[in-house]
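1. A structural model of the following input is requested.
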Amino acid sequence: MNRSIVISGLLGVLSLAACDRTPTVINMPATPVAVPGPTGPQGATGSQGETGFQGATGYQGATGSQGETGYQGETGSQGATGKPGENTTVIVTPPAPPAPANWEPYC
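-> Sure thing, here's the model as predicted:
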């Protein structure tokens, strides 16, 4: 019985020692960032390109024809003079009534 307690104790200690309860932290390496180096010397200037061809000048278009001017119409004959009237009637319209004092125009 003495051995069974010692063996039980050893098995208990070994089972607890085998169980690791602390989480394992894995550090991932950071993504490398490209850092530009120093600026190099400026290169030589390129040669000038050739000038292109200039197009031909276009021809002048034909002048349009001049339209003819129409003929002047004939002058009409003069009418006969009328007879003098016997009675003359003159119609006089009365003036418009004045606007009321409190009248306001629509604006």
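
2. show me the shaky parts of the protein.
-> 1, 17-23, 101, 103-107 (pLDDT under 70).

3. how about the contacts made by P94?
-> Under the criterion of CB atoms under 8 Å, 6 or more residues apart in numbering, P94 has no neighbours. For every residue, glycine as well, the C-beta is placed using N, CA and C.

4. what is the burial count for G55?
-> 6 (other CB atoms under 10 Å).

5. dihedrals phi and psi, it?
-> phi -70, psi 160 (degrees, to the nearest 10).

6. can you check N87 too?
-> Phi and psi for N87, reported as degrees, to the nearest 10, are phi -120, psi 140.

7. check S8 too.
-> Main-chain dihedrals, S8, degrees, to the nearest 10: phi -60, psi -40.

8. what's the spacing between it and T24?
-> To T24, S8 is 30 Å away according to CB to CB, to the nearest Å.

9. the two: which has the busier surroundings?
-> S8 (10 against 5).

10. how near is that one to P32?
-> Counting by CB to CB - S8 and P32 are separated by 55 Å.

11. cool, Q60 as well?
-> Distance of Q60 to P32, given as CB to CB: 71 Å.

12. so who does T24 touch?
-> Neighbour list for T24: empty [criterion: CB under 8 Å, 6+ apart].

13. make that P100, sorry
-> Counting by CB under 8 Å, 6+ apart, P100 touches no other residue.

14. run a quick neighbour tally on Q72.
-> Using other CB under 10 Å as the criterion, the residues surrounding Q72 number 6.

15. and the gap between it and P84?
-> 36 Å.

16. tell me how many other residues crowd L10.
-> For L10, using other CB under 10 Å, the count is 10.

17. check T75 too.
-> Using other CB under 10 Å: T75 sits among 6 other residues.

18. for this structure, which segments are assigned as helices?
-> Applying DSSP state H to the chain gives helices spanning 2-18.

19. quick one: the strands in this structure?
-> In the chain, no strands are found when defined by DSSP state E.
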